[in-house]
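Colleague: Build me a model from this:
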Amino acid sequence: MDNKINQTQTRRTQIIKGVQYVYEDYPYWDSEKKQMRHKRGYVGKIGDNGEFIPNKSYATRQQLEEVVNQKKTIITMPYAKRSFYGASYLLDSIGSSSGISADLEVCFPDDYKRILSIVYYLVMESGNTMYRFSKWAMTHQHPFGDNLPSQRISELFASIPESAKMSFFKLQSKRRLEKEYLAYDTTSISSYSELISHVKYGKNKDYDPLPQVNLALVFGEKSMLPVYYRKLPGNISDMKTVRKLLKDVDFLNFKKLKLVMDRGFYSVENVNALYHSHYKFIISIRCNIKIVSSILDSVRESIKDFTNYSVDQDVYCVSSMEKWKYEEKDTLGNVVFSADKRIYVHIYYNGQRAEDEKANFIKSLATVESTMQDGTASDEQKALCKKYFTTKETPVHGLKVEYNEQAILNHVRNFGYFVLLSNEIKDPKDALDIYRNKDLVEKAFSNLKNRLNMRRTSVSSSENLEGKLFIQFIALIYISYIHKYMKEKHLYRNYSMQTLLDELDIIERFDYEGQRCHCSEITKKQMGLYACFDIQPPNML
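Modeller: Coordinates of the predicted model:
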């Protein structure tokens, strides 16, 4: 008989031979008789004074239950935590002084702590992938204070809206942009996914055979901090990005914009667009461009006079104020307005650069000649052969390759020269100083690709890529901030960025329930590092 006893019992009494016994009534369902039945379990009796007297069986059962309950009792221990803190404290201070953390909280009120924690991880753990975040989070103090599994990180990447990103750019630009020049450049980031709309095959600047996404970055030359970035399709050339950039910065309300760009961005249309927007610029330009070639021919010898030599910059330089034929066109390409605009043409010459360029060119020509003779020339080498060689093929001697002396002389004559255009800077030395600071962007691209592990991206959707790029851009601001102080305070003499962060990271923080948190001992060397960043070290007690 399969009888199921209901463990909900009711205690009752029964008088047997004048004694009042106590029993527990257990109702249960009798499956054979199809009715509710009852089962009694006697637990004791009522004494003369009305007190309950348990029987031996019930008393023993109660004692056993008490022992079991004692074993099940969870002992609540006071909260205590020990974590690495010194490098996180540095990043906390940078986020506060730069306004990054405050601006992120405004733009991402629900997620800013998660974003900051991932940023801290990217900055402190150079080159590590996201799946190692969990291990790092267990041992380090960070804004979110808890673990973020890989799936949650991916969801965070995908949830970052474009409007919030643009709001962040606006807030940051108000804090830092005054009258400084902004360096602008692009780089290519290879991708394993061809499902992302912006991933295209194009001219990869790292010579990687994978399809790519291009990234445009705007960098402040005085602040030495990145200001804005934009993702571009991988098959878009640098020249085509400038006018879209100008629309973006108009939306972001960048005031008094001044741009520094290399010669890949030069075109007549781009310069006209910069004039149209009333932006100041310095842009590199090829020597064979019409506005330059005639001026260069006229100063080719006089530029090498000692009076034109800059000792600090190790170049000869001359300048000429010229007229730029400015034009505005309608949607059909018809000129609707034209005017002459003032522009400064700065020409520079470096003898060592000329010799180096000549040596490299001669080596490349020798390689072209050899590969053409043995039939292994690439398409690029064949193009060079057509430009700088004459070829003749005979049945007896086969292919005969000879140097085109005139073409080579025409090319070599411009070695060592380079040219900058500006609609503001009159002095060629000042223009060159500003232009050379553009290497900050190259340093930033290096940090993105190497330190922040963005040489190749493996995200599988456009949304994830957008979010990951934004968070890595935030990390780039922190890295650039650290780089600026390390450079100014000559810290690179004794540290790399990683060894400096590691030196601070070993400072621990202790959190005890009901007590104020405190830090482990801080060495004189660590105090000195905080002082270099104009930061007070964390309080020990």
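Colleague: Quickly list what Y512 is bridged to.
Modeller: Here Y512 sits in beta bridges with A80, as judged by DSSP bridges.
Colleague: And it, how far from D110?
Modeller: According to CB to CB, to the nearest Å, Y512 stands 30 Å off from D110. From N, CA and C alone the C-beta is placed, and that goes for glycine too.
Colleague: Next: Q498.
Modeller: Using CB to CB, Q498 is found at 32 Å from D110.
Colleague: Could you do L501 as well?
Modeller: 29 Å.
Colleague: Which one's more surrounded, these two?
Modeller: Comparing L501 with D110 by other CB atoms under 10 Å, the one with more neighbours is L501, at 21 against 8.
Colleague: is it true that that one touches L122?
Modeller: No. When contacts are counted by CB atoms under 8 Å, L501 is not listed as touching L122 (11.7 Å).
Colleague: Point out where the stretch 351-500 of the chain drops to low pLDDT.
Modeller: For the stretch 351-500 of the chain, the stretches flagged by pLDDT under 70 are 396-397, 445, 449, 451-462.
Colleague: And for the stretch 1-150 of the chain?
Modeller: In the stretch 1-150 of the chain, residues with pLDDT under 70: 1-9, 70-78.
Colleague: so where do the helices sit in it?
Modeller: Remark: helices assigned in the stretch 1-150 of the chain by DSSP state H, counting those that start in this stretch are 56-72, 86-98, 100-107, 112-124, 133-139, 150-158.
Colleague: Give me whichever of the ones you listed is most buried.
Modeller: Scoring the helices of the stretch 1-150 of the chain by mean neighbour count under mean count of other CB atoms under 10 Å gives helix 112-124 as the most buried, with a mean of 24.
Colleague: which other helices and strands contact that one?
Modeller: For helix 112-124, the elements it packs on are helix 86-98, helix 100-107, helix 133-139, helix 150-158, helix 462-488, helix 497-505, judged by 3 or more CB pairs under 8 Å, 6 or more residues apart in numbering; DSSP states H and E.
Colleague: Make CSV out of the ones you listed and add distance to K429.
Modeller: As requested, the helices and strands packed on helix 112-124 are exported to CSV (distance: least, CB to CB, whole Å):
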stretch, distance to K429
helix 86-98, 32
helix 100-107, 35
helix 133-139, 47
helix 150-158, 45
helix 462-488, 22
helix 497-505, 31
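Colleague: for those helices, which one sits closest to D439?
Modeller: Minimum separation from D439 across these (CB to CB) falls at helix 462-488, 11.9 Å.
Colleague: buried set for that closest one?
Modeller: Across helix 462-488, burial judged by 16 or more other CB atoms under 10 Å covers 462-483, 485-486.
Colleague: C-terminal to the helix or strand where N272 lies, which secondary structure element comes first?
Modeller: Per DSSP states H and E, N272 falls inside helix 268-276. Going down the chain from helix 268-276, the next helix or strand is strand 280-285, by DSSP H and E.
Colleague: Pull up the pairing partners for that following strand, direction included.
Modeller: Using DSSP bridges, strand 280-285 pairs in its sheet with strand 258-261 (parallel), strand 417-422 (antiparallel).
Colleague: Mind giving me the packing neighbours of the very next helix or strand once past it?
Modeller: Proceeding N to C from strand 280-285, the next assigned helix or strand is helix 290-299, under DSSP H and E. Packed against helix 290-299 by the contact rule (3+ CB pairs under 8 Å, 6+ apart) you find strand 315-329, strand 335-349, strand 417-422.
Colleague: List just the one of these that sits closest to M527.
Modeller: Taking the helices and strands packed on helix 290-299 one by one with CB to CB, strand 315-329 is closest: 43.0 Å.
Colleague: Tell me the secondary structure at the closest residue to R436 other than its chain neighbours.
Modeller: What sits nearest to R436 in space, not counting adjacent residues and going by CB to CB, 6 or more residues apart in numbering, is Q313, at 8.0 Å. Classification of Q313 using DSSP: H, G, I helix; E, B strand; the rest coil returns coil.
Colleague: All set now, cheers.
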